[in-house]
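Chemist: Test case, fold it:
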Amino acid sequence: MKKFQLTTLCFLVFIFISAQTNNNFDFEILNGDKSKGWNVFGDGSHKVSFDKENTQSGSVSGSIESTIDGNGFKALAYKIPADFGGKKIKLTGYLKTENVSGGHAGLWLRIDPDIGFDNMRSRKIQGSNEWKKYEIELDYNNKAKTIVFGGLLVGSGRIWVDNFEITVDGKSLTEAPEKELTKAQKDKEFDSGSNIDFASIDNETIKQLSLIGRIWGFLKYYHPEIGKGNYNWDYELFRLLPNYLNAKTKVDKNTVLITWIDKYGDIKPCKSCKSISDDAFLKPDFTWMSNSLISNELKEKLQYIQKNRHQGDHYYIDMKPGVRNPDFTNENSYSEKGYPDDGFRLLSVFRYWNMINYFFPYKHLMDKNWDNCLSEYIPKFLNAKNELEYELAAIQMIGDIKDTHANLWGGNDKIQEQRGGFYPPVHVKFIENQLVVDALFEDEKSENSGLKVGDVITHINGKLVNKLVKELNDFYPASNQPTRLRDISFNILRSTKNSSDLKIIRDGKDETLNLNLYDKKDIKGYYSWYIREDGGTSYKMLDNNIGYITLKNIKQEDIEKIKKEFKDTKGLIIDIRNYPSTFVPFALGNYINPDRAEFVKFTNGNVNYPGEFTFGKSLKVGVNRNWNYNGEKVIVLVNEISQSQAEYTTMAFKASKKTMVIGSTTAGADGNVSTIFLPGGLRTMISGIGVYYPDGTETQRVGIIPDIEVKPTIEGIKNGRDELMEKAILLINQDIRNTKTIKD
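Modeler: The predicted structure is shown next:
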């Protein structure tokens, strides 16, 4: 339930160059209008330059200045290899600001892959400030591969950054401890390629590879020697495959597998290994060990490993502290291989399938039987003829787990190229099962587009919108169809060309027009499906003594003001048709609920018994204090944009007897996310814990079911109405205890 922010965007938009021996941490080495080693990324329209007038030391500083309206962010970034040891890494740098507003300024530091991150967002640096020294310190370990750092500006204003320094355990980089490599990290044999080549694959080969994929993944998470990090398990696969595939008979193949397993030594009986918990919600399935291709001798070996499996700290899997969602450690993304060879593409299928098989809390909610997906995707991955086909195969497999968190968030550059770099100057959304223009941007391009709010788009470049949606469904992972349509609407008018021919319906009449498309940074006020940058306060008083709160831009300091100003209002409307900017389930949940109540419980995986998921205790919200909300009616607004933290927050609010949820089905993707890296630099995520109501009712895929369903209409959009808000106000002004009257 973490906000999609800089840590996600960093992976999507640029490739760094390697750091040089003489690091240019102070911008002094210029090459034209660029500074050596420094890169720029971000979605804002900001201008980046290297300033010779405003410096903290030397003759050059880095500068970021907002242009147009200052939406989004821009960052300066420098990357160095993590080829040193240590326990703490510290970034020191100097920052100067001028009229920063609508966001924040800061230094930032990230340790990849997914080890540590800080962008100083919590320090809320705004306004104008002279040069000042700042520090960021993060935990560091030998799993780190790269260190990325720099300065950033979110929102409007201008910043200067200068004189960066990296220290490790209080020492300079030149004095940093030597990196202590594991045995797995020392294995470099296949760094330049797997040497695996499938000239062709038939059904028998697919069947054999599916079995290998299962056994390889089982040993990865169960065998004690692999769990210790004594073997590079990716490369052990490449060592096995030639011998296994060259074996002609079932007996020969089983001999190869038995010899392979014996290579990793004898396994001592495990005295601490416990049986599957009687109250386990999900249990690992080992029926595959009875596969007809597996001999009795091999089966006995596998069953012995299952009973005497690895315990404790594991090299390839951990659980995040506190929340206990999976942390897939020491997984090389092989990002230098944009289009991986046959062996690495096969590895991609095996790695992802087993991660889901053993550590995805919602495997039981898929439409497909996950057991069959290995044999389905092995040929798709191996037959991918180029980088685009590989990315498309990956996003289809990711889509099969039916989790809105699980998309191709990084390494998808060819898919992005295919979708195009030209965007419409209007916002569209699926309303009443039709693609509708629901908003114009604050740009003359919108006004001159020929489209009006309420127009229904029926054809794009001669193709029916409904047919386009069917073609796109498999490439837009989502928990449910309303959320998939949300994501498709964001890209459906996007193109590689700078215009599209449309057929529309306006006021009941068919019309045609040619729509000009633009680079989105050139569209003033442009926004995607999940946020509209309209600034302003997060709360206001409506007519008739009704309080309104939007979580879109709520700040921690707003909460105490809200408690005081809204305490005695007639009713309260909380708008969660957004992603909350601050975590408020308990701060506001306790405010609106004087009665302590359970509102959620979680399932977590088990590193000591991969595939097992058990429930923890339910969490409670609500306290009886003199600052509790006195009103009788709290209306929460949700729709398909309400996702993850928004859904979790709604569950907390729903625990109050005063609360009624209205709107439409939410995104159905709750739980803290876990990152997964795949060969070729692909990056995806999963919902890492199972989220349930206290009675065991599921939220994944289902979402938060509103007490009263209210959806926008085309007519309402045309007339500029917010029909959910209207309904909320109506409910507060009525006696909401008479629910039958309301629903009728």
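
Chemist: Parallel or antiparallel, which strands does the longest strand along the chain pair with?
Modeler: Taking DSSP state E as the criterion, the chain has its longest strand at strand 88-112. Under the criterion DSSP bridges, strand 88-112 sits next to strand 116-118 (antiparallel), strand 125-139 (antiparallel), strand 146-168 (antiparallel) in its sheet.

Chemist: okay, those strands, which one's buried deepest?
Modeler: strand 146-168 (a mean of 23; mean count of other Cβ atoms under 10 Å). All C-beta spots, glycine's among them, are computed from the backbone N, C-alpha and C.

Chemist: got a list of contacts for the helix or strand following that strand?
Modeler: Using DSSP states H and E, the helix or strand that follows strand 146-168 in sequence is strand 171-172. With Cβ atoms under 8 Å, 6 or more residues apart in numbering as the test, strand 171-172 has contacts from 165, 177.

Chemist: any low-confidence regions in the stretch 451-600 of the chain?
Modeler: 528-536 (pLDDT under 70).

Chemist: Test my guess that Ala247 contacts Lys253.
Modeler: Yes: under the criterion of Cβ atoms under 8 Å, Ala247 makes contact with Lys253 at 4.4 Å.

Chemist: neighbour-wise, which of these two wins?
Modeler: Lys253 (22 against 16; other Cβ atoms under 10 Å).

Chemist: So that one belongs to a helix, correct?
Modeler: Yes: assessed by DSSP: H, G, I helix; E, B strand; the rest coil, Lys253 belongs to a helix.

Chemist: Do you know the pLDDT at it?
Modeler: Confidence at Lys253, expressed as pLDDT, is 97.

Chemist: Spit out the contact partners of it.
Modeler: 208, 244, 247, 293.

Chemist: These in helices, which ones?
Modeler: Of the contacts of Lys253, the ones assigned to helices by DSSP state H are 208, 244.

Chemist: are any of the contacts of Lys253 buried, and which?
Modeler: 208, 244, 247 (16 or more other Cβ atoms under 10 Å).

Chemist: okay, those in TSV with distance to Asp474 and pLDDT next?
Modeler: Below are the buried ones among the contacts of Lys253 laid out as TSV (distance: Cβ to Cβ, whole Å; pLDDT from 0 to 100):
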residue	distance to Asp474	pLDDT
Gln208	27	96
Tyr244	32	96
Ala247	36	95
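
Chemist: elements contacting whichever strand or helix holds Gly343?
Modeler: For Gly343, the element it lies in under DSSP H and E is helix 342-359. On a contact count with 3 or more Cβ pairs under 8 Å, 6 or more residues apart in numbering; DSSP states H and E, helix 342-359 meets helix 203-222, helix 233-246, helix 373-382, helix 387-399, strand 673-678, strand 682-687.

Chemist: Pull up the pairing partners for the fifth one, direction included.
Modeler: Strand pairing for strand 673-678, using DSSP bridges, gives strand 682-687 (antiparallel).

Chemist: Dump the strand it pairs with to CSV, keeping only the CA atoms.
Modeler: Output of strand 682-687 as CSV, limited to C-alpha atoms (Å, rounded to 0.1, in the frame of the first residue of the first chain):
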residue,chain,number,x,y,z
LEU,A,682,11.9,-6.2,-16.4
ARG,A,683,10.3,-5.1,-13.2
THR,A,684,6.9,-6.0,-11.9
MET,A,685,5.2,-6.2,-8.5
ILE,A,686,2.6,-8.3,-6.6
SER,A,687,0.3,-7.7,-3.7
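
Chemist: Now do it, average pLDDT.
Modeler: Rounded mean pLDDT across strand 682-687 is 97.

Chemist: please renumber so the chain begins at 11
Modeler: New numbering, starting at 11: the last item is strand 692-697.

Chemist: And the strands paired with strand 98-122: which comes nearest Val70?
Modeler: strand 156-178 (7.9 Å; Cβ to Cβ).

Chemist: Helix, strand or coil: sort out Arg731 for me.
Modeler: coil.

Chemist: any weak-confidence spans in the stretch 611-754 of the chain?
Modeler: 745-754.

Chemist: tell me the strands in it, going along the chain?
Modeler: 623-625, 629-631, 644-648, 669-673, 683-688, 692-697, 700-702, 718-719 (DSSP state E, counting those that start in this stretch).

Chemist: could the contacts of Lys263 be laid out in a markdown table, adding distance to Ile146?
Modeler: Formatted as a markdown table, the entries for those read as follows, by distance: Cβ to Cβ, whole Å:
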| residue | distance to Ile146 |
| --- | --- |
| Gln218 | 50 |
| Tyr254 | 48 |
| Ala257 | 54 |
| Leu303 | 53 |
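
Chemist: What's the local residue count around the closest residue in space to Ile651 that isn't next to it in sequence?
Modeler: Leaving aside its chain neighbours, Ile651 sits nearest to Arg587 (5.2 Å; criterion: Cβ to Cβ, 6 or more residues apart in numbering). If you count neighbours by other Cβ under 10 Å, Arg587 ends up with 22.

Chemist: cool, Glu75 as well?
Modeler: 18.

Chemist: Go ahead and confirm it touches Ser166.
Modeler: No: if you go by Cβ under 8 Å, Glu75 and Ser166 don't touch, sitting 9.3 Å apart.
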